[in-house]
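**Student:** only geometry, no sequence info:
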């Protein structure tokens, strides 16, 4: 009992400390030193109707590149840790009729929804990461229904690498015009149009494809791994 | 009403964080540790978004005519990054759990720790320490001999 | 709005504690997905639709999927509870 009291006391004390500290902050009326500048200038300078997108890609593009790097490292490390799939002796039984029919029906729907979310990331809530997650689910669902037919890991790796290269190349192209890395090029365009906000749709498309291919590869590796039989 | 909303939101976010941390420290099954970590991350993200909230403001998306004041978009951008990183960390943790199960056959962290200590000690050819306070590798000096201190039956050298 | 926030908060905290206390690991996974659901609804009420979409897609969708796949691969996908193998909190 005493060994449990320590962590509980720590968690309780931590919560109390956070509560006392956060009571000092003005809730509901933040200072917003950076946010105010962003809200005033984002519509005219960047041209994206979704201001959070302009912060993620235009004002803090380096953070997004770091996030892509972290996701790549985590997915690659997880694939390395899981290792090669063992000898698939036990034949995986295929999913029932409902699963197969449902996967066939949902596959084009999920791809359309995923691409819609990615391409409209600068107009409505959404963007590369959300659409990438939907795309990854679209590619894993047929593997659940028919465990034998797996999309080749090589193709997924090529898509992921090319998408990442497009992201970095678009950012580096800004250097050629004497701007900083990842400054949005091309004119901001008309606010609210599909083709607007400069290179932001291209960046989000690259992010979406990269995240989708990465997570699909990771999930397919998970379906192949087998922990029951010792190595 | 505003006070009540403020207190409720803070209690929810900090409560999630505390429950997640307590779960990580107290759980014995590796899978439950991963679950508690994901709960703590959700609590932390909620706390971040709370710092940007403004009363009677709208979401930071421009539609048609200009609206009133908007909430702070910068913490929301940071939380987007944080959520995706959280799922990456969970994926790696689960991959390691699968590998541990393959190697040791169990997911109880005490058993895994005991076997790891045994494996390391076997690989280094030392005796595994029986407790935390005992120095590794045994005692540096031989224990003091008690010959001559106790009267025993036979004669001892 | 206060009642919706209060309801979501109760849901979040109750399912968070349930995720750590339940013996059945499938139930614990579903409880963790419910925590993400509650947090996602709170994000909508806090005027953050982008974050709400991400949390719903990633937390309640992808993370739950990942956890269920891992459960299946770990051989812990069982409905009934076995006392010896699955340990809950250190009791």
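**Tutor:** Noted; the coordinates are in hand. Bear in mind the structure is a predicted one, so any value in this text is a computation, not a measurement.
**Student:** and chain C, which of its residues are near chain A?
**Tutor:** C:49-54, C:57-58, C:61-62, C:65-66, C:69-70, C:73-75, C:90 (C-beta under 8 Å from any C-beta of the partner chain). (C-beta placed from N, C-alpha, C; glycine too.)
**Student:** Tell me which of those residues fall in helices.
**Tutor:** C:49-54, C:65-66, C:69-70, C:73-74 (DSSP state H).
**Student:** List the contacts of the closest residue to residue C:31 other than its chain neighbours.
**Tutor:** Leaving out its chain neighbours, the residue that sits closest to residue C:31 by C-beta to C-beta, 6 or more residues apart in numbering or on different chains is residue C:19, at 3.8 Å. Counting by C-beta atoms under 8 Å, 6 or more residues apart in numbering or on different chains, residue C:19 touches B:23, B:32, B:35-36, B:39, C:28-29, C:31-32, C:35.
**Student:** which one among those residues gets closest to chain A?
**Tutor:** Chain A lies nearest to residue B:23 out of these, by C-beta to the nearest C-beta, at 8.9 Å.
**Student:** Not counting sequence-adjacent ones, nearest residue to residue A:197?
**Tutor:** residue A:48 (4.0 Å).
**Student:** Next one: that neighbour relative to chain C, how far apart?
**Tutor:** 12 Å (C-beta to the nearest C-beta, to the nearest Å).
**Student:** where does that residue fall, phi/psi-wise?
**Tutor:** phi -100, psi 140 (degrees, to the nearest 10).
**Student:** Tell me how many other residues crowd it.
**Tutor:** 31 (other C-beta atoms under 10 Å in any protein chain shown).
**Student:** Find me whatever residue is spatially closest to the residue in chain C that chain A sits nearest to, sequence neighbours aside.
**Tutor:** Closest approach of chain C to chain A (C-beta to the nearest C-beta) occurs at residue C:49, with a separation of 4.0 Å. The spatially closest residue to residue C:49, leaving aside those adjacent along the chain, is residue A:125, at 4.0 Å (C-beta to C-beta, 6+ apart).
**Student:** Return the residues in contact with that neighbour.
**Tutor:** A:50, A:52, B:59, B:61, C:49-50, C:52-53.
**Student:** Tell me which two of these sit farthest apart.
**Tutor:** A:50 and C:52 (13.4 Å; C-beta to C-beta).
**Student:** Pick out whichever of these two has more residues nearby.
**Tutor:** Taking other C-beta under 10 Å, residue A:50 and residue C:52 do not tie; residue A:50 has more neighbours (27 against 22).
**Student:** beta partners of that one?
**Tutor:** Beta-bridge partners of residue A:50, counted by DSSP bridges, are residue B:61.
**Student:** From residue C:53, how far off is it?
**Tutor:** From residue A:50 over to residue C:53 the distance is 11 Å, taken as C-beta to C-beta, to the nearest Å.
**Student:** Touching both of these two, which residues are there?
**Tutor:** A:125-126.
**Student:** of the contacts of residue A:125, closest to residue A:151?
**Tutor:** residue C:53 (26.1 Å).
**Student:** didn't the closest one look like it was pressed against residue A:130?
**Tutor:** Yes: contact criterion C-beta atoms under 8 Å: residue C:53 and residue A:130 qualify, at 5.2 Å.
**Student:** Need the overlap of contacts for those two.
**Tutor:** residue A:117.
**Student:** what sits against the residue nearest the centre of chain C?
**Tutor:** Central residue of chain C (C-alpha atoms, centre = their mean): residue C:32, 1.2 Å from the mean position. Residue C:32 sits next to B:35, B:38-39, C:15, C:19, C:63-64, C:67 when contact means C-beta under 8 Å, 6+ apart.
**Student:** Check which helix or strand the residue sitting nearest the centre point of chain B maps to.
**Tutor:** Centroid check for chain B by C-alpha atoms, centre = their mean gives residue B:24 as the closest residue, at 4.5 Å. Mapping residue B:24 onto the secondary structure by DSSP states H and E places it in helix B:2-26.
**Student:** buried set for that helix?
**Tutor:** B:5-6, B:8-10, B:12-26 (16 or more other C-beta atoms under 10 Å in any protein chain shown).
**Student:** mind checking the longest helix of chain B?
**Tutor:** Chain B, longest helix under DSSP H: helix B:73-104.
**Student:** I'm curious whether that one, anywhere along its length, sits up against chain C.
**Tutor:** Yes: counting by C-beta under 8 Å from any C-beta, contacts between helix B:73-104 and chain C involve B:76, B:79-80, B:83-84, B:86-87, B:90-91, B:94, B:97-98, B:101.
**Student:** Tabulate these in JSON lines, adding columns for pLDDT and distance to chain A.
**Tutor:** Shown next, in JSON lines, are those (pLDDT from 0 to 100; distance: C-beta to the nearest C-beta, whole Å):
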{"residue": "B:76", "pLDDT": "93", "distance to chain A": "5"}
{"residue": "B:79", "pLDDT": "95", "distance to chain A": "10"}
{"residue": "B:80", "pLDDT": "93", "distance to chain A": "6"}
{"residue": "B:83", "pLDDT": "94", "distance to chain A": "8"}
{"residue": "B:84", "pLDDT": "92", "distance to chain A": "5"}
{"residue": "B:86", "pLDDT": "94", "distance to chain A": "10"}
{"residue": "B:87", "pLDDT": "93", "distance to chain A": "8"}
{"residue": "B:90", "pLDDT": "94", "distance to chain A": "9"}
{"residue": "B:91", "pLDDT": "93", "distance to chain A": "5"}
{"residue": "B:94", "pLDDT": "93", "distance to chain A": "8"}
{"residue": "B:97", "pLDDT": "92", "distance to chain A": "8"}
{"residue": "B:98", "pLDDT": "89", "distance to chain A": "5"}
{"residue": "B:101", "pLDDT": "88", "distance to chain A": "4"}
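**Student:** and of the contacts of residue C:32, the nearest to residue A:206?
**Tutor:** Nearest member of the contacts of residue C:32 to residue A:206, counting by C-beta to C-beta, is residue C:63, at 23.9 Å.
**Student:** Kindly tell me how buried residue 40 is, as a neighbour count.
**Tutor:** As the question left the chain open, I've gone with chain A. Counted with other C-beta under 10 Å, residue A:40 comes out at 10.
**Student:** The intended chain is chain C.
**Tutor:** 23.
**Student:** How confident is the prediction for residue 90, by pLDDT?
**Tutor:** Assuming you mean chain A. We have a pLDDT of 50 for residue A:90.
**Student:** That was the other one, I meant chain C.
**Tutor:** 49.
**Student:** try residue A:192
**Tutor:** 71.
**Student:** which one of the contacts of residue A:125 sits closest to residue B:144?
**Tutor:** Of the contacts of residue A:125, the one sitting nearest to residue B:144 (C-beta to C-beta) turns out to be residue C:52, at 70.9 Å.
**Student:** That closest one is in contact with residue C:44, isn't it?
**Tutor:** Yes: contact between residue C:52 and residue C:44 holds when scored by C-beta under 8 Å: they sit 4.6 Å apart.
**Student:** quick one: low-confidence ranges for the chain?
**Tutor:** No chain in the question, so chain A it is. A:1, A:85-94, A:226-231 (pLDDT under 70).
**Student:** let's do chain B instead
**Tutor:** B:129-139, B:150-157.
**Student:** for the residue most central in space within chain A, what are its contacts?
**Tutor:** Compute the mean C-alpha point of chain A, and by C-alpha atoms, centre = their mean the closest residue is residue A:129, 3.0 Å away. Taking C-beta under 8 Å, 6+ apart, we find residue A:129 in contact with A:207-208, A:211, B:80, B:84, C:54, C:58.
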